[in-house]
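Colleague: 3D, please:
(3 chains)
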Amino acid sequence: MPELPEVETVRRTLESLIKGKKITQVVISYPKIIHMDQALFQKKIVGQTIQDLDRMGKYLIWKLDQDVLIIHLRMEGRFYIKKEDVPLSKHEHVGFHLSSGEVLTYHDVRKFGTMDLLPIDNYLQLDPLNRLGKEPKDLTYDAFYEKIKKRHTEIKAIMLDQSVIAGLGNIYVDETLFQAKVHPERKGITITKNEAIKLLDAARWVLNEAIKQGGTTIRTFQAMDGVHGRFQNELAVHTKVSKPCPICQTPIIKIKVKGRGTYVCPNCQT
DNA sequence: ACCACCTCCTGATCGC
DNA sequence: TGCGATCAGGAGGTGG
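Modeller: Numbers count the residues shown, from 1 in each chain, chains lettered A, B, ... in the order given. Predicted coordinates for the structure are as follows:
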């Protein structure tokens, strides 16, 4: 599932493919992806040029002339670039025709992805970005600790909460907790200041390493056709059930935390 | 404010 | 082998 490093990889890939091109037509086969009346969306976006590609947390942001297109890939969203106009396939739900003659298609088997077209003047004050917290690199230790120290829910659930800290999903939160040697079921209220510092440092390190590796290609995720990340080779715990912990060799176990599949070293993480 | 639970969606996997 | 049931999961919505 695309988390911050995967979305960053998509952003960089799209930057070289679509930046500076004008949207000449939009074809939509599954309108629920777009949080706006389909006809209005087409009317507003056609004619605008993709000036820049940005990202906040797991959100991909296309900066256009008057508006921004805010895209969340959720679990399986991905893009394909086509050299010519061909019909959308079963799992392609939106096709952006570009001034270059190419078509960028949005592909999403589970149809969970979202697109919001908002004014470039005030999109940060509007749903969905108005709720988004800071990324680990921008969050201070004090602010992070203040957000977790009184909470009675599991630290894993807190760190998946995008209003607390933006960018972590199920893979990187498991890796972060492992690096910080914190058990995912610890309640926020039990986390010490020192552990909060370790958690934030671990989140920064894990995300940076993953970005360097082009993200994690896992299950169904890939950035674009032919673009594969390599961070799956660096994972210490996620998907490693029964494999030896890289630190202590204890077999990694899989548990459920708040309904999420969770991988943990039962010896290192306390 | 906080928290548990439900929903969306479909391919893969499970159980009989 | 077949087929219905269950699972996976990010984040918004609901209700306590």
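Colleague: can you name the residues of the stretch 151-270 of chain A that neighbour DNA strand C?
Modeller: A:160, A:162, A:169, A:170, A:256, A:259, A:260, A:261 (CB under 7 Å from any atom of the strand). Every C-beta, even on glycine, is put in place using the N, C-alpha and C of the backbone.
Colleague: okay, and which of those residues map to helices?
Modeller: Under the assignment DSSP state H, those contribute A:160, A:170 to helices.
Colleague: tell me where chain A has strands.
Modeller: For chain A, the strands defined by DSSP state E occupy A:23-28, A:52-56, A:59-63, A:67-72, A:78-82, A:92-98, A:103-107, A:114-119, A:253-257, A:260-264.
Colleague: okay, those in JSON lines with mean pLDDT, mean neighbour count and distance to residue A:44 next?
Modeller: Below are these laid out as JSON lines (pLDDT from 0 to 100; neighbours: other CB atoms under 10 Å; distance: least, CB to CB, whole Å):
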{"stretch": "strand A:23-28", "mean pLDDT": "97", "mean neighbour count": "17", "distance to residue A:44": "10"}
{"stretch": "strand A:52-56", "mean pLDDT": "97", "mean neighbour count": "16", "distance to residue A:44": "18"}
{"stretch": "strand A:59-63", "mean pLDDT": "97", "mean neighbour count": "21", "distance to residue A:44": "13"}
{"stretch": "strand A:67-72", "mean pLDDT": "97", "mean neighbour count": "21", "distance to residue A:44": "6"}
{"stretch": "strand A:78-82", "mean pLDDT": "93", "mean neighbour count": "19", "distance to residue A:44": "20"}
{"stretch": "strand A:92-98", "mean pLDDT": "97", "mean neighbour count": "21", "distance to residue A:44": "13"}
{"stretch": "strand A:103-107", "mean pLDDT": "96", "mean neighbour count": "22", "distance to residue A:44": "17"}
{"stretch": "strand A:114-119", "mean pLDDT": "96", "mean neighbour count": "19", "distance to residue A:44": "6"}
{"stretch": "strand A:253-257", "mean pLDDT": "92", "mean neighbour count": "15", "distance to residue A:44": "41"}
{"stretch": "strand A:260-264", "mean pLDDT": "93", "mean neighbour count": "20", "distance to residue A:44": "37"}
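Colleague: Serialize these to a markdown table and add fields for distance to residue A:205.
Modeller: Formatted as a markdown table, the strands of chain A follow (distance: least, CB to CB, whole Å):
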| stretch | distance to residue A:205 |
| --- | --- |
| strand A:23-28 | 38 |
| strand A:52-56 | 19 |
| strand A:59-63 | 22 |
| strand A:67-72 | 25 |
| strand A:78-82 | 26 |
| strand A:92-98 | 35 |
| strand A:103-107 | 31 |
| strand A:114-119 | 29 |
| strand A:253-257 | 22 |
| strand A:260-264 | 18 |
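Colleague: thinking again about what came up before, tabulate the residues of the stretch 151-270 of chain A next to DNA strand C (CSV), appending distance to residue A:130.
Modeller: Below are these laid out as CSV (distance: CB to CB, whole Å):
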residue, distance to residue A:130
A:160, 19
A:162, 12
A:169, 20
A:170, 24
A:256, 31
A:259, 26
A:260, 25
A:261, 30
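Colleague: now tell me what touches stretch A:180-190 from outside.
Modeller: Contact with stretch A:180-190 is made by A:148-156, A:158, A:173-174, A:177, A:191, A:195, A:198-199, A:201-202, A:255, A:257, A:262, A:264, A:268-270, as judged by CB atoms under 8 Å, 6 or more residues apart in numbering.
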